[in-house]
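K.L.:
structure for this input, please:
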Amino acid sequence: MRISKIRTILLLMLIGTGSLLSQSAVKDSSWLYTPEKHFWFPNSMPALLYNRAIADQSHTIWNTAYHTAAPVPVGSLGPAKYTKQLKGIIPNTTIGKVVKQALADNINVILVIGDGMGTVHMTLPVYMNLANANNQETMFEKIMREGESGFVLTNTVNGLVTCSAAAGTALATGTKTRVNMVSVDSTGQPLESVLVFAAKKGMKTAVVSDASITDATPAAFYGHAVNRDDEESLAYQLANDNYVDVILGGGASLFIPNNKSYKNFEEFANFPGDFNQFSGRSDSLNLIASFQKNGYTIACSKKEMEEAPSNKKLIGLFAAGGLPSPINRDSSTHNVPTVSQMAQKALSMVSRSPKGYFSMIECAQIDWEAHSNDVGGVYKAVLEMDDILKVAYDFYTKNPSKTLLIFTADHETGGLSIAYTKVEKNEIEKYTCLNGETWVNNTNPLYFKEFKNLSLQKLTIGKVFGMSKSLEEFRNNIKKFTGYEISIYEAGEIYQAYIELHGNVKIK
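P.N.:
Here you go, the predicted structure:
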């Protein structure tokens, strides 16, 4: 027997006996072939074990916790001159080039990006409508049916699998670059984004995201960095270059001086996050003052955003980092706007411009939940994007001959798929057809009644894991907040893995 086969058998034995329970087990078994070491985040073992435990119920398969090279969807509405270029299989640079063509012709552009959204992510709400016998189209279907649709190849300049920085750069500039580079070419030279191009023409511009506004995707539309982690510089560029008229999202910690907290600034009196949290900057720059000097209204709550005057520039920062995931929103987050509410405000402001506008709206949480292999969280985040597209569609219909609406993704995250399972002999289905022949089925294709369980999840699985203080409570919370029931043995595997990552928790 070959050594590789022996290693595989030993690995399966370890999994079967429960010995491969935690991240330490993966680290200590370097002599084994362990895909988890290469295709999952170091801290994702609890999610991996959870998805294995519910696999027979959910039929959800994650191939990795990272980005993949899978093509992503694109749908567009607007003048045929531009939309006909966005059908079929296209490189992501085509979107940036087409957007620039439209802006040069004084066409309004609304670009909605589902970060990490592959085709399966996108179709989760489509299948849910089928499962519920709901004949209403999602906005993804509506835009693709009324306009043009296709697939986007997301590769970098020199590789197959991209990141948000390189992919965002391609969408924002029409030029491919290296991983982690933000709106610079592969040699590090700055590229002009479509947003900056629009601003120089006198058009109004907006950037909206539920991530930090200095995160890779939004930053690609206004800033330049050889490394996406240089968010302090990106925040400085945003505050001082004066290209974006409406800025809404997270990342407040990068706009106040080092060693200062939000309580030091009257502008953050209604901040819905941790009022005592300190700056994320390493210098003494006060970028809030820079925005005020440049004529921006400062908002830090939903109410302040909604009441901000439409005839001034606006920056709204509603969290220190990213905004709450859609699935975790509750009464405690009522003063944090959703992405669709931010999109409504941004579009209502920039659409007043007689010279036209460009708006980029990002749903970052699709990517974040996919990195966590949390299909319930992904489903709710995609629903949020569908709501955003409703808002965008309404603005498109106000002037369809002069507006280009595009939705797409920067890349696919997780390799999400839904698969059938084989059933036990006593569960084999049989049916006698009208002609007397017998139909036999030994698979479970995930019937709609079972798929509907996906919508029962109430919190991200990470939050469910963290709220449990005992093994039994852990198991009960999984059933209460996700709708899935697992055995005490499976709960022990997952909980043990979680404890090894968060040692402050002890099993009782």
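
K.L.:
neighbours of residue 52, how many?
P.N.:
For residue 52, the count of nearby residues is 15 (other Cβ atoms under 10 Å). (Glycine included, C-beta is placed from N, CA and C.)

K.L.:
where's it, which helix or strand?
P.N.:
Secondary structure from DSSP states H and E places residue 52 in helix 45-53.

K.L.:
can you name the element that comes right after that helix?
P.N.:
Helix 45-53 is succeeded, C-terminally, by helix 55-58 (DSSP H and E).

K.L.:
residue 118 and residue 376, how far apart?
P.N.:
Plainly put, residue 118 is 16 Å away from residue 376 if you go by Cβ to Cβ, to the nearest Å.

K.L.:
for residue 352, same thing?
P.N.:
39 Å.

K.L.:
more neighbours, these two?
P.N.:
When neighbours are counted by other Cβ under 10 Å, residue 352 and residue 376 differ, and residue 376 comes out ahead with 26 against 11.

K.L.:
I'd like to know which helix or strand in this protein has the lowest mean pLDDT.
P.N.:
helix 3-17 (a mean of 40; mean pLDDT, DSSP states H and E).

K.L.:
low pLDDT regions in this structure?
P.N.:
Counting by pLDDT under 70, the chain shows low-confidence ranges at 1-37, 503-508.

K.L.:
try 80
P.N.:
For the chain, residues meeting the criterion pLDDT under 80 lie at 1-43, 274-275, 502-508.

K.L.:
domain boundaries for it, per the record?
P.N.:
3-64+423-501, 67-413 (automatic domain parsing).

K.L.:
winner for burial among those?
P.N.:
domain 67-413 (a mean of 21; mean count of other Cβ atoms under 10 Å).

K.L.:
any idea how far apart the tips of that one sit?
P.N.:
Distance across domain 67-413, first residue to last, is 4 Å (Cα to Cα, to the nearest Å).

K.L.:
also stretch 46-61?
P.N.:
By Cα to Cα, the extent of stretch 46-61 from end to end equals 15 Å.

K.L.:
quick one: residues contacting residue 102.
P.N.:
Residues near residue 102 by Cβ atoms under 8 Å, 6 or more residues apart in numbering: 78, 79, 82, 109, 404.

K.L.:
secondary structure class for the residue lying farthest from the centre of the chain?
P.N.:
In the chain, the residue that sits farthest from the middle, by Cα atoms, centre = their mean, is residue 436; the gap is 50.5 Å. Per DSSP: H, G, I helix; E, B strand; the rest coil, the local secondary structure of residue 436 is coil.

K.L.:
ditto for the one 4 residues further on
P.N.:
Reducing the assignment at residue 440 to three states with three-state DSSP gives strand.

K.L.:
now it, nearest residue through space, not along the chain?
P.N.:
residue 430 (5.5 Å; Cβ to Cβ, 6 or more residues apart in numbering).

K.L.:
which other helices and strands contact the helix or strand hosting the one you found?
P.N.:
Per DSSP H and E, residue 430 falls inside strand 429-432. On a contact count with 3 or more Cβ pairs under 8 Å, 6 or more residues apart in numbering; DSSP states H and E, strand 429-432 meets strand 438-441.

K.L.:
and the strand it packs on, how far out from the chain middle?
P.N.:
Offset of strand 438-441 from its chain centre (Cα atoms, centre = their mean, to the nearest Å): 41 Å.

K.L.:
residue 276 and residue 263 touch, don't they?
P.N.:
Yes: proximity of residue 276 to residue 263 meets the contact threshold set by Cβ atoms under 8 Å, at 6.0 Å.

K.L.:
just the C-alphas of the helix ranked longest in the chain, formatted as CSV.
P.N.:
Using DSSP state H, we find that the single longest helix of the chain is helix 375-398. The C-alpha trace of helix 375-398 is given here as CSV (Å, rounded to 0.1, in the frame of the first residue of the first chain):
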residue,chain,number,x,y,z
VAL,A,375,-24.5,29.7,5.3
GLY,A,376,-27.3,31.1,7.4
GLY,A,377,-25.3,34.3,7.8
VAL,A,378,-24.6,34.4,4.1
TYR,A,379,-28.3,33.9,3.3
LYS,A,380,-29.3,36.9,5.4
ALA,A,381,-26.4,39.0,3.9
VAL,A,382,-27.5,38.2,0.4
LEU,A,383,-31.1,39.2,1.3
GLU,A,384,-29.7,42.5,2.4
MET,A,385,-28.0,42.9,-1.0
ASP,A,386,-31.4,42.2,-2.7
ASP,A,387,-32.9,45.0,-0.6
ILE,A,388,-30.1,47.3,-1.8
LEU,A,389,-30.9,46.4,-5.4
LYS,A,390,-34.5,47.4,-4.9
VAL,A,391,-33.3,50.8,-3.8
ALA,A,392,-30.9,51.0,-6.7
TYR,A,393,-33.6,49.8,-9.2
ASP,A,394,-35.9,52.6,-8.0
PHE,A,395,-33.3,55.2,-8.8
TYR,A,396,-32.5,53.5,-12.2
THR,A,397,-36.2,53.7,-13.2
LYS,A,398,-36.3,57.5,-12.6
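
K.L.:
all good on my end, thank you.
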